[in-house]
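Enquirer: With the input below, show me the fold.
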Amino acid sequence: MSEWLARIGLGRRELVAWAMYDWANSAFWTTVIVAVFPPFFSEYAADGLASLEATSRYAWGTTIAVTIVAIIAPVLGTIADQRAMKKPLLGAFLIIGVTATLLMATIGRGEWRYALLLFIVANVGVASTLVFYDSLLPHIAAPDEFDRVSTAGYAIGFIGGGVLLLVNLAWILSPGTFGLSGTVDAIKLSLASVGVWWLLFSIPLFRVVREPAVRSPATARPFQLGATIRTTWNTFQELRRHRHALWMLVAFLLYNDGIQTIIRMSSIYGAEIGIDRNAQIAAFVMVQFVGVPCSFLFGAAAGRIGAKTALFVTLTVYMGITILGYFLMTAWQFFALAFLVGIVQGPSQALSRSLYARMIPKEKSSECFGFFAVFEKFAGIAGPAVFAGSITLFQSSRAAVLSVLVFFVLGAMALTRVDVAAGEAQAVSGSAL
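Expert: Here you go, the predicted structure:
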């Protein structure tokens, strides 16, 4: 086992423990964000609303959640770096997210406001934990390990999310076999199981991964909001001088808008055009297990052709997915698109994380990943907002699907401005290049 873990990039105990948090939180993304909650919301929680209205309110709920994270992430990152609080803050937002997820089992028919409130709080919880989780990467891995460790984490996440989603699918398809009274109970149990899974498999990170030390004794001063905000602003000013890291953020902002729109809106879009819920869940299970070998494959390829080139490949595939998604009509087409998403979803996210980690000062990892989270969450705002606005304006979601192509094209153009070698040198020297 240890030899196999070393081969995939997780050869040390702390690397395995760190990657297990991908296993833990991926269940939230697969079951809550993608496969189960969106149709549950439109068919049950939003019962009494028109289909287009339910889709629009879900999109606006998503927009609110990611906006909140975009606002608070940089300040959270600064606090974590100043006071060596990466793990405590990760734990605090973990509890917030897990609690909201468990409470989803109490949603009643037609209670769309309550459902959206829990959805927003849970989203804020899980997204905030990733600020601190991602920022631990430069402290546990050497620069030449970043790509393999990051992609291995995503691969482990695909397995974890896929395993629980398979269990959830079994409950939903045959509730009576498991002593459940019906599909609704099976769905509620599935949502609650995410909270339990997420909490349980987070334990290795807290037990094994060490809290990185603060930059200097001066950071032990009592917390002051004004001083923290000023430090956050200073970090942004410094990040502007790391222009290759900043161009990476701009590129990520653009193409990740397309990625997040596909992840967050595919299920409710599929429900709107008549794709069966169980077929959707089966397709999302396939995404998880296709993503495992593909994440490892792209991690190995990045070592040969470079992470930036490998990332360009994933963006090209996403462009094709967007065009084909506009013409989506049948379940088999949904499965085909899901297969393509499975190939590139994990690698695109993992390589973005590892590329950025190469080009930031290690001692300010939480602050810099706080800004990474800002750009990531703002990327999640425009897409759902376009969906909601398109529904209002055109009474159709297809125009919004096609508009996603623009984000991938512009993101790829911005990525051409990133010089990885120069960015790495700048991160070490601290000088502007």
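Enquirer: Give the buried residues for the helix ranked longest in the chain.
Expert: Secondary structure assigned by DSSP state H gives helix 51-83 as the longest helix of the chain. Of the residues in helix 51-83, 54-70, 72-83 count as buried by neighbour count, 16 or more other Cβ atoms under 10 Å. The way it works is simple: take the backbone N, C-alpha and C, and place the C-beta from them, glycine included.
Enquirer: Quick check: closest non-adjacent residue to A427.
Expert: Closest residue to A427 apart from its sequence neighbours, by Cβ to Cβ, 6 or more residues apart in numbering: M359 at 5.1 Å.
Enquirer: Surely the one you found and D419 touch.
Expert: No: judged on Cβ atoms under 8 Å, M359 makes no contact with D419 at a distance of 9.4 Å.
Enquirer: After the lowest-mean-pLDDT helix or strand in the chain, which helix or strand is next? Please name it.
Expert: Sorting the helices and strands of the chain by mean pLDDT, DSSP states H and E puts helix 225-241 at the bottom, at a mean of 57. Sequence order places helix 243-272 as the next helix or strand after helix 225-241, per DSSP states H and E.
Enquirer: so where is the protein shaky, pLDDT-wise?
Expert: 1-2, 8, 81-82, 214-241, 264, 267-268, 271-272, 362-367, 369-397, 428-433 (pLDDT under 70).
Enquirer: give me phi/psi at the residue nearest to A427?
Expert: Main-chain torsions, M359, degrees, to the nearest 10: phi -110, psi 20.
Enquirer: contacting residues for it?
Expert: Shown in contact with M359 (Cβ atoms under 8 Å, 6 or more residues apart in numbering): 242, 244-245, 248, 420, 423-424, 426-427.
Enquirer: Take those residues and lay them out in a markdown table including neighbour count and distance to P138.
Expert: Shown next, in a markdown table, are the contacts of M359 (neighbours: other Cβ atoms under 10 Å; distance: Cβ to Cβ, whole Å):
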| residue | neighbour count | distance to P138 |
| --- | --- | --- |
| H242 | 23 | 14 |
| H244 | 23 | 16 |
| A245 | 25 | 12 |
| M248 | 27 | 15 |
| V420 | 16 | 15 |
| G423 | 22 | 14 |
| E424 | 18 | 12 |
| Q426 | 21 | 15 |
| A427 | 23 | 9 |
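Enquirer: Any chance of a markdown table for those, columns distance to L180?
Expert: Shown next, in a markdown table, are these (distance: Cβ to Cβ, whole Å):
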| residue | distance to L180 |
| --- | --- |
| H242 | 53 |
| H244 | 53 |
| A245 | 49 |
| M248 | 47 |
| V420 | 51 |
| G423 | 52 |
| E424 | 53 |
| Q426 | 56 |
| A427 | 52 |
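Enquirer: The helix or strand containing V406 packs against which elements?
Expert: For V406, the host element (DSSP H and E) is helix 398-415. Applying 3 or more Cβ pairs under 8 Å, 6 or more residues apart in numbering; DSSP states H and E, one finds that helix 398-415 contacts helix 243-272, helix 307-326, helix 365-394.
Enquirer: Show me how far the helix or strand containing L118 is from its chain's centre.
Expert: Taking DSSP H and E as the definition, L118 sits inside helix 112-135. Centroid displacement of helix 112-135 relative to its chain, using Cα atoms, centre = their mean, to the nearest Å, is 11 Å.
Enquirer: how about that helix as PDB, C-alpha atoms only?
Expert: Presented in PDB, the C-alpha positions along helix 112-135 are these (Å, rounded to 0.1, in the frame of the first residue of the first chain):
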ATOM      1  CA  TRP A 112     -38.000  26.500  -0.600                       C
ATOM      2  CA  ARG A 113     -36.900  29.500   1.500                       C
ATOM      3  CA  TYR A 114     -35.700  27.200   4.300                       C
ATOM      4  CA  ALA A 115     -34.100  24.900   1.800                       C
ATOM      5  CA  LEU A 116     -32.200  27.800   0.200                       C
ATOM      6  CA  LEU A 117     -31.100  29.100   3.600                       C
ATOM      7  CA  LEU A 118     -29.500  25.800   4.500                       C
ATOM      8  CA  PHE A 119     -28.000  25.500   1.000                       C
ATOM      9  CA  ILE A 120     -26.400  28.900   1.300                       C
ATOM     10  CA  VAL A 121     -25.000  28.300   4.800                       C
ATOM     11  CA  ALA A 122     -23.700  24.900   3.800                       C
ATOM     12  CA  ASN A 123     -22.000  26.300   0.700                       C
ATOM     13  CA  VAL A 124     -20.400  29.100   2.700                       C
ATOM     14  CA  GLY A 125     -19.100  26.400   5.100                       C
ATOM     15  CA  VAL A 126     -17.600  24.100   2.600                       C
ATOM     16  CA  ALA A 127     -16.100  26.800   0.400                       C
ATOM     17  CA  SER A 128     -14.500  28.500   3.400                       C
ATOM     18  CA  THR A 129     -12.800  25.300   4.600                       C
ATOM     19  CA  LEU A 130     -11.100  25.000   1.200                       C
ATOM     20  CA  VAL A 131      -9.400  28.400   1.700                       C
ATOM     21  CA  PHE A 132      -7.400  26.800   4.600                       C
ATOM     22  CA  TYR A 133      -7.200  23.300   3.200                       C
ATOM     23  CA  ASP A 134      -5.600  24.600  -0.100                       C
ATOM     24  CA  SER A 135      -3.300  26.900   1.800                       C
END
